[in-house]
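**Student:** The amino acid sequence is not available; the structure is as follows:
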């Protein structure tokens, strides 16, 4: 099992790296935005306040796009081109394909966040005090990425065509990023509901609690995050067993 | 390996199989014939296990781990090279062996470092066929293996498939090409009218239809 997972992950890592266009959405876009923000704010791209929280926004975007665009959309595309069917027969188990893709996406997302963080530090040396937070975030991401995959695995069960799936994901990412910027209190009813339902809100809460930003790490917060994580890691991974191998758009 | 009284409807409601029963002989090449759209690939998908066959009347077929399946159109990732693809397939299948490029057949050595996206349809088919034949499984499924291949290569592919049965493996293949088809150690199953309309050796098919060629016999059966 582990041997097969290693071989598949190495193979897919090479294929994913070959298609460097994926870096456009997850690394180049946020970097361009950051540069523009830096120039237009005369060296204060994060503004004067809530610097750390604004960095979280970039991380949330990179993870969400990486998981949805790189991982879930990648699996749907594989299914629709019949590659998933072929690959599963070779590997002997579709779960191996799912987990090897998740590992590869985790590697890419982590590398992109590190590169982005380095870029932030170079362009904005006053952010140096964020280094401990960046290191903490790096370790938290190993937990967070599988949880976000659990949030979004429902996509694998939807009988959608590739184009429609792409549109759905773009809309979902836009909605998630807009919601992150709403001025709600995290401990309000709306905040709790969004933490349960929206991966972007969950991620902000997860980082805030995990990194104990502004002393938000309470037992209630941690408990809510743990229950939601457990739910999505159990229920959210149900589709992996039941995802179709055949295309939704053609008979074979 | 047997299918007993199997009925199946396509998602659009069309009945594809109605009380279909079939026996596939172990250690032989089982050739599944039938017109386009009759359900040959669908049946292979069920046999392979890529279509869920739990609780369905498929008896004696190995699990997916023991099935090698060459699909039509050689679906594969365009960015992979020929060598990477075959290495991955062999490494996954055979923990005790390391695949090296020297093991590639001569016909593939020239394109060992070419990406899948840069190959012709026939070359892609050949790479996947080579990979499938390299897998050590009990049951081998080939869906129109000679499709897109030139005559010389098609003959070598059919030879390779015969070697599998010589090594005690079972083969189920579909085809629309009758030229060069083996007739020894072969069972023919003709899928027509939502059922298996004929099952037997090529000679039995020819005798039953009173014809002297395999192709002619099939045409009469299908009609």
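**Tutor:** Thanks, I have it. Worth saying up front: this structure is predicted, and the values here are computed from it rather than measured.
**Student:** Helices of the stretch 101-250 of chain A, start to end?
**Tutor:** Read by DSSP state H, counting those that start in this stretch, the stretch 101-250 of chain A holds these helices, from start to end of the chain: A:131-152, A:162-180, A:189-197, A:199-210, A:219-234, A:238-242.
**Student:** For the residue most central in space within chain A, list the residues it contacts.
**Tutor:** Averaging the C-alpha coordinates of chain A gives a centre point, and the residue nearest to it by CA atoms, centre = their mean is residue A:63 (2.6 Å). For residue A:63, the set of contacting residues under the criterion of CB atoms under 8 Å, 6 or more residues apart in numbering or on different chains consists of A:109, A:113, A:141, A:144-145, A:148, A:203. (Glycine included, C-beta is placed from N, CA and C.)
**Student:** could I get these as TSV with pLDDT?
**Tutor:** Putting the contacts of residue A:63 into TSV (pLDDT from 0 to 100) gives the following:
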residue	pLDDT
A:109	92
A:113	94
A:141	95
A:144	94
A:145	94
A:148	91
A:203	92
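**Student:** Let me have the helices of the stretch 101-250 of chain A in CSV, adding distance to chain B and mean neighbour count as columns.
**Tutor:** Written out in CSV, the entries for those read as follows (distance: least, CB to the nearest CB, whole Å; neighbours: other CB atoms under 10 Å in any protein chain shown):
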stretch, distance to chain B, mean neighbour count
helix A:131-152, 21, 18
helix A:162-180, 14, 15
helix A:189-197, 31, 16
helix A:199-210, 27, 23
helix A:219-234, 22, 15
helix A:238-242, 9, 14
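**Student:** would you list these in a markdown table and tack on distance to residue A:59?
**Tutor:** Below are these laid out as a markdown table (distance: least, CB to CB, whole Å):
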| stretch | distance to residue A:59 |
| --- | --- |
| helix A:131-152 | 6 |
| helix A:162-180 | 11 |
| helix A:189-197 | 16 |
| helix A:199-210 | 7 |
| helix A:219-234 | 16 |
| helix A:238-242 | 25 |
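**Student:** Compare the ones you listed and say which comes out lowest on pLDDT.
**Tutor:** Comparing the helices of the stretch 101-250 of chain A by mean pLDDT, the weakest confidence falls on helix A:238-242, with a mean of 77.
**Student:** which non-adjacent residue is nearest residue B:134?
**Tutor:** The shortest distance from residue B:134 to any residue that is not its chain neighbour, by CB to CB, 6 or more residues apart in numbering or on different chains, is 5.3 Å, and that residue is residue B:90.
**Student:** Report the secondary structure element holding that neighbour.
**Tutor:** helix B:82-93 (DSSP states H and E).
**Student:** need the next SSE after that helix, C-terminal direction.
**Tutor:** From helix B:82-93, the next helix or strand downstream (DSSP H and E) is helix B:106-109.
**Student:** helix, strand or coil for the residue nearest the centre of chain B?
**Tutor:** When chain B is reduced to its mean C-alpha position, the nearest residue by CA atoms, centre = their mean turns out to be residue B:142, at 1.3 Å. With DSSP: H, G, I helix; E, B strand; the rest coil as the basis, the three-state label of residue B:142 is strand.
**Student:** which residues touch whichever residue of the stretch 101-250 of chain A sits closest to chain B?
**Tutor:** With CB to the nearest CB as the measure, the residue in the stretch 101-250 of chain A that lies nearest chain B is residue A:245; the distance is 4.7 Å. With contacts taken as CB under 8 Å, 6+ apart, residue A:245 has the following neighbours: A:79, A:84-85, A:88, A:94, B:50-51.
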